[in-house]
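**Q** predicted model and sequence below, questions to follow.
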Amino acid sequence: MNKALELRDIHKVFNKGTVNEKVALNGLSLELEPGDFVTIIGGNGAGKSTMLNAVAGVWPVDSGQIIVNGEDITMLPEHKRATYLGRVFQDPMTGTAATMDIEENMALAYRRGRKRTLKRGLTNEERDLFREKLATLDLGLEDRMTTKVGLLSGGQRQAVTLLMASLKKPELLLLDEHTAALDPKTAAKVLEISDQIINEYHLTAMMVTHNMKDAIVHGNRLIMMNEGRIIYDVRGEEKKNLHVKDLLAKFEEISGSEFANDRMMLS
Amino acid sequence: MVQYFSSLDPITLLKSFPGSIAQGMVWCVLALGVYITFRILDFADLTVDGSIAFGGAVCVMLIRAGISPIVATIVSFFAGMVAGIITGLLTTLLGIPGILASILTQISLYSINLHIMGQSNMPVSVDKYPLLVSLRYVTDSTQSAVLFFVGMIIFIFLLIGVLYNFFGTEVGASIRATGCNPNMARAQGINTNYIKVLTLGIANGLVGLSGALCGQFSGAADVNMGRGAIVIGLAAVIIGEVIFGKFASKRKAAFAWTMGAVVCGSIIYYMVYQFVLWLKFPSDDMKILTAAVVAAFLAIPYLKEKSSVKKGAAKHE
């Protein structure tokens, strides 16, 4: 059986050759089994979001291979990779088109990976389907299908974006700190919906988060990143038994040793 | 003062209105093109100034060569489309910033239009050719005027109908999504570069068509006929939105009503234009007046928002 995702020795440097040069991904390798729900933690600039953007094809990587379910997508442009990917972003504004109706947004997502023609952009059968799906969110949005998405709250927009990402079952669901911009209560609700959707459609998912507790509670696997590569990878029972203080200790252990290295270089 | 007012003759103004309404109807096709790029695609496309003259030049030369005016007008649509596609390719394939790409196409079209016509101005007489539209139809007799207006109204309704349905298709929805949020569009698998090129093509096709009608209407194509066309198009869009925007957005099929509003905006623009000329405002200053009106109306929503932010901040203190 194919791996859901294989990242092989990915390198990416931003602003190469300038004073702002930043090594973002430094020999990143990762394999995801189908059905894996992996949470990703790490400090600022560790490369968490950069990894998701590399998979999504926001820019080309410098070297390495990205393989989704056996298909090498390293050279595909962003819009072609969309066939394989569902994405939810940190900023609730990013995932939806604000000036279009809820149902129109969903219709756009429903055509992900399909050639767009001069057929109707939204049919009545689709409306029924979308109404059904929206009802599962339990937010009352099924009665507001012709509301402009721009009028929804951040949490509602993220919920709709999640639903859109799963309308056409993606090979991989990318959640890039998708609850970071929400208040705690709404964030909890959106996380609950994420779990629900991932379980219901048996999705393989990657979730970047700053919240270590969320990273432990959700998913079957946890990875920690530092300086553009993975430094810690736990799964199953071992992950379930983790505590925030274990992760913090791990975190300090790594940054501490770096600190020592810096000191050595200075002396 | 008294002398000034007594020199104004309301009858002259009334008599000139059919002509300005007709001109507004001819230019509304351009305004719809500008609406598509500026409002839907969110792209400030200055190709317009070149592509309207391009459409005019192509149409007039074809008619003079004995081609039927209908065919010539349709060819002008495709000519404009090519101009728009070139702007699109300059910005997507070659990475030239949008506004600059459109200026490059516009300035190239100036030379191309001179080559097409061989001179800066080329007449096409309504006496010699069976033109589709002409100011003469409006002024000649009541019968020909009625025929002209009925024809134009049917044409505009058809055009709005076609555009309304097009923007309801899968491709049309992709255009709206690309204009609203290109990141989201790409995440949904939409090739935003292709959409940009396509939309610029369609919008400039309309502008070329408008140029063909303009050339026939005024009886000549001129290499300078497009100077400031984008500003006139924007003025029409903004006037339409300001006067009818709220009304249109509350309707069912709001998008069709909004396009109707743009058409009305174009007609109102030319009626106001006529009115200001009638007030003996120097015609040389009309462009700066138009620019001032557009600048003011574009600034109003921004300033409103800014002042409401300030008020909000004051409340918090």
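**A** Great, that's in hand.
**Q** what ranges of chain B fall below the confidence cut-off?
**A** B:311-317 (pLDDT under 70).
**Q** which helix runs longest in it?
**A** helix B:286-316 (DSSP state H).
**Q** just the buried positions in it, please.
**A** B:290, B:293-294, B:297 (16 or more other CB atoms under 10 Å in any protein chain shown). In short, each C-beta sits where N, CA and C put it, glycine included.
**Q** next, format those as CSV and append distance to residue A:240.
**A** Shown next, in CSV, are these (distance: CB to CB, whole Å):
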residue, distance to residue A:240
B:290, 69
B:293, 67
B:294, 63
B:297, 61
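**Q** next one: phi and psi at residue A:223?
**A** Backbone geometry at residue A:223, expressed as degrees, to the nearest 10, gives phi -130, psi 150.
**Q** Provide a list of residues in contact with it.
**A** Shown in contact with residue A:223 (CB atoms under 8 Å, 6 or more residues apart in numbering or on different chains): A:30, A:38-41, A:230, A:232-234.
**Q** change it to 10 Å
**A** Taking CB atoms under 10 Å, 6 or more residues apart in numbering or on different chains as the criterion, residue A:223 is in contact with A:30, A:32, A:38-42, A:48, A:51, A:206, A:215, A:230-235, A:239.
**Q** cool, residue A:191 as well?
**A** A:158, A:175, A:178-179, A:182, A:207, A:209, A:211, A:214, A:217-218.
**Q** part of a strand, is it?
**A** No: if the criterion is DSSP: H, G, I helix; E, B strand; the rest coil, then residue A:191 is helix and not within a strand.
**Q** which bits of the stretch 1-150 of chain B sit near chain A?
**A** Counting by CB under 10 Å from any CB of the partner chain, the stretch 1-150 of chain B comes close to chain A at B:39-40.
**Q** the strands in the stretch 1-150 of chain B, which residues?
**A** B:121-123 (DSSP state E, counting those that start in this stretch).
**Q** and for residue 70, the neighbour number?
**A** Using chain A. 11 (other CB atoms under 10 Å in any protein chain shown).
**Q** think we crossed wires, I meant chain B
**A** 10.
**Q** before we move on, the earlier item: give the PyMOL command for selecting the buried subset of the contacts of residue A:191.
**A** To isolate the buried members of those in PyMOL, using 16+ other CB under 10 Å:
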select buried, chain A and resi 158+175+178+179+182+207+209+211+214+218
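**Q** what would the contacts of residue A:191 look like in JSON lines with secondary structure and pLDDT?
**A** Output for those, formatted as JSON lines (DSSP: H, G, I helix; E, B strand; the rest coil; pLDDT from 0 to 100):
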{"residue": "A:158", "secondary structure": "helix", "pLDDT": "95"}
{"residue": "A:175", "secondary structure": "strand", "pLDDT": "96"}
{"residue": "A:178", "secondary structure": "coil", "pLDDT": "94"}
{"residue": "A:179", "secondary structure": "coil", "pLDDT": "93"}
{"residue": "A:182", "secondary structure": "coil", "pLDDT": "91"}
{"residue": "A:207", "secondary structure": "strand", "pLDDT": "97"}
{"residue": "A:209", "secondary structure": "coil", "pLDDT": "92"}
{"residue": "A:211", "secondary structure": "coil", "pLDDT": "88"}
{"residue": "A:214", "secondary structure": "helix", "pLDDT": "91"}
{"residue": "A:217", "secondary structure": "helix", "pLDDT": "92"}
{"residue": "A:218", "secondary structure": "coil", "pLDDT": "94"}
